[in-house]
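J.: sequence first, then the predicted structure, then my questions.
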Amino acid sequence: MALLRRHLLALGAAGVTPLARPALAQRGSGEVIVAATGGLMERSLQEHFYKRFESEVGIRVRSVPIELPDQWARARAGQRSGNVPFDVVTATPPDLIQHADILAPVDCSMPGIAAHALPNGCFPEGIIRTAGGMALTWSKKAFPNGGPQSWADFFDVQKFPGSRSLPDTGDREWWVPLAALMADGVERDKLFPMDVDRAYRKLDTLKRHVAAWWKSGDNSMQIMRGGDAVMTMVYSSRAVPLAKSGEFDFTWNQAIRDVGNWAVLKGGPNTANAMRFLDFFVQNPQEHLSFSDKVSFDSNNREAPALVPEAERRYRASWPANWEKLIIADYAWIAANRNALRERWVTWLTQ
């Protein structure tokens with residue numbers, strides 16, 4: 001079920017030319033307000049998509065750097081007051097379920113999406129923006145003879161001694177408990193519904209060895225480079241550049257698939273422009289390739305994977321040998337239990 005394999009087969013069957021691109025419709029006007037996390041992601045989106053959208057389509061992009069919990073709080077408040085603050089928002093798969101009532105339906109037959117989006121890369125609530133994984137990453141200095149290869153190894157402080165680092169990002173409070181279940185021997189097809197009590201019993205055994213709880217991707221890299229931890233769970237977008245530095249390595253084994261989406265808020269100030277932005281985003285494979293090189297996430301263009309050099313494939317989440325190792329969460333279960341998961345996480349972390 002490797003996604004990229006289906007993409008490449010679909011390309012071959014359809015005879016798609018890698019650089020084919022539909023002509024853009026008539027130029028637009030006005031603006032579109034896009035909410036996304038800041039830092040490297042925002043800078044890369046600016047360079048490869050926002051500026052081109054402004055230049056080629058004529059619609060100004062107003063970028064709002066914001067973390068997901070704050071984004072959704074403001075979106076909900078805007079829906080209640082009738083003053084929706086954004087047009088395009090960033091959404092995790094559980095977000096698309098949990099916030100479906102305030103999302104505008106996306107027409108997946110728009111010309112750019114129909115011609116260039118990944119197969120199954122568009123759905124009624126939004127489109128895929130980026131795809132990667134939460135990967136186990138370690139210091140090669142700490143483990144010169146080979147590092148941990150599973151979450152069981154991550155929890156094994158006897159075999160792999162040293163301080164750990166883990167995420168506390170406020171928007172994916174199920175990542176760490178899910179890794180704990182795998183460390184405790186739960187098979188991948190039995191991870192959901194999650195046995196939360198079992199997960200936290202396992203986490204109790206590791207807590208005193210966690211030296212740092214990172215809040216952002218940049219923060220996670222600082223912790224590892226500063227030597228505050230010898231291993232971490234981190235976005236593949238950070239694991240890849242760490243590995244390319246030569247000082248660290250990572251594994252796709254049991255990495256938790258991390259898909260980011262674009263969605264459009266109902267009643268936003270520029271809904272038509274937002275839909276044009278989504279249709280534009282999936283076009284131009286070379287821009288997607290360059291964007292992915294910077295952020296170390298794959299992105300939503302069906303021609304781009306065929307352009308990836310062989311030496312780079314180990315760093316790409318959607319390359320078949322990597323993709324099949326990723327753990328796919330039950331997002332419907334997570335969405336239905338999100339408040340309880342968050343409460344349990346905060347309670348445990350502050351004890």
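T.: Thanks, I have it.
J.: the closest residue to residue 244 other than its chain neighbours: neighbouring residues, count only.
T.: Leaving aside its chain neighbours, residue 244 sits nearest to residue 315 (7.5 Å; criterion: Cβ to Cβ, 6 or more residues apart in numbering). Quick note: C-beta positions are derived from backbone N, CA and C, even for glycine. By other Cβ atoms under 10 Å, 22 other residues sit near residue 315.
J.: distance of residue 315 from residue 237?
T.: Relative to residue 237, residue 315 is positioned 10 Å away (Cβ to Cβ, to the nearest Å).
J.: tell me the contacts of residue 242?
T.: Contact analysis of residue 242 by Cβ atoms under 8 Å, 6 or more residues apart in numbering lists 137, 221, 224-225, 234, 248, 250.
J.: before we move on, what about residue 271?
T.: 87, 104, 264-265.
J.: what is the most widely separated pair among the residues you listed?
T.: Spatial extent of the contacts of residue 271 (Cβ to Cβ) is set by the pair 87 and 104 at 9.2 Å.
J.: where do the contact lists of these two overlap?
T.: 264-265, 268, 271, 274.
J.: so in the chain, which strand runs the longest?
T.: Scanning the chain for the strand with the most residues, using DSSP state E, yields strand 248-264.
J.: who does that strand touch, helix- and strand-wise?
T.: Counting contacts by 3 or more Cβ pairs under 8 Å, 6 or more residues apart in numbering; DSSP states H and E, strand 248-264 is packed against strand 88-91, helix 93-98, strand 126-139, helix 175-183, helix 236-244, helix 271-281.
J.: kindly recompute the last result at 6 Å.
T.: Here strand 248-264 touches strand 88-91, strand 126-139, helix 236-244, going by 3 or more Cβ pairs under 6 Å, 6 or more residues apart in numbering; DSSP states H and E.
J.: relative to helix 175-183, how tilted is it?
T.: Here strand 248-264 points in a direction 130 degrees away from that of helix 175-183 (axes from the mean of the first three to the mean of the last three Cα atoms, to 10 degrees).
J.: picking that back up, and the helices and strands packed on strand 248-264 as CSV, adding distance to residue 194?
T.: Shown next, in CSV, are the helices and strands packed on strand 248-264 (distance: least, Cβ to Cβ, whole Å):
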stretch, distance to residue 194
strand 88-91, 21
strand 126-139, 15
helix 236-244, 22
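J.: just say which of those is most tucked in.
T.: strand 88-91 (a mean of 27; mean count of other Cβ atoms under 10 Å).
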